[in-house]
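1. 3D, please:
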Amino acid sequence: MAEAESEGKEYRFKYRKVKTPWGTISRPYGTIFLKDSKGEWMPFFPLIDSGADFILMPKSTCEILGYQLKDGKKGEIKGISCKITAYLHRIDAKIGEKVLSEAAVLFAEKETPILLGREDVFSAFQILFKQKDSEICFKAEE
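-> Next up is the predicted model:
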């Protein structure tokens with residue numbers, strides 16, 4: 001679970017240590033809340049990925065939130081080695097106290113990692129990856 005420290009409207013998340021076949025590395029994970037179909041906020045802990053276009057969630061998350069996967073706009077996303085069918089939904093999201101109204105969230109037909117991509121998120125914050133300190137800072141734009 002990523003922990004956020006709040007300084008005014010700045011949110012800091014610590015990197016997580018992850019074992020790989022090539023050794024242990026640190027990855028930037030954060031906390032995002034998505035509003036479910038009943039209007040309740042649910043927390044998720046995505047990898048913060050500046051190379052990802054959208055917030056990406058697996059199909060199971062769509063079901064947990066109470067949405068119908070195929071009610072979204074169907075499309076394909078392409079990764080390094082595969083194509084995945086996904087459905088675009090517009091869902092309220094928030095990081096800290098900053099609400100992102102109708103954020104673009106893709107729900108993949110397959111199980112995928114949870115990613116926090118750029119669309120609707122990076123424009124709402126100044127984001128600083130502090131690799132040396134194993135920390136990422138989100139400062140809300142006014």
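2. Neighbours of residue 38, how many?
-> Each residue near residue 38 was counted by other Cβ atoms under 10 Å, and the total is 8. C-betas here are computed from N, CA, C, even on glycine.
3. thinking it is in contact with residue 66, fair?
-> Yes: contact criterion Cβ atoms under 8 Å: residue 38 and residue 66 qualify, at 6.4 Å.
4. Quick check: longest strand in this structure by residues?
-> strand 83-95 (DSSP state E).
5. quick one, strands of the protein?
-> 4-7, 10-20, 23-28, 32-35, 41-44, 47-48, 55-58, 73-78, 83-95, 98-108, 115-116, 125-130, 135-140.
6. follow-up on the earlier one: next, the buried residues of the longest strand of the chain.
-> 86-87, 89, 91-95 (16 or more other Cβ atoms under 10 Å).
7. who's residue 14 bridged to?
-> Listed beta-bridge partners, residue 14: residue 135 (assigned using DSSP bridges).
8. Tell me how many other residues crowd it.
-> Neighbourhood size, residue 14 [other Cβ under 10 Å]: 17.
9. Likewise for residue 37?
-> Neighbours of residue 37 using other Cβ under 10 Å come to 10.
10. which residue sits closest to it, ignoring its sequence neighbours?
-> Spatial nearest neighbour of residue 37, excluding adjacent residues (Cβ to Cβ, 6 or more residues apart in numbering): residue 66 at 3.3 Å.
11. My guess is the one you found contacts residue 39. True?
-> No: in this structure, residue 66 is not within contact of residue 39 by Cβ under 8 Å, at 10.0 Å.
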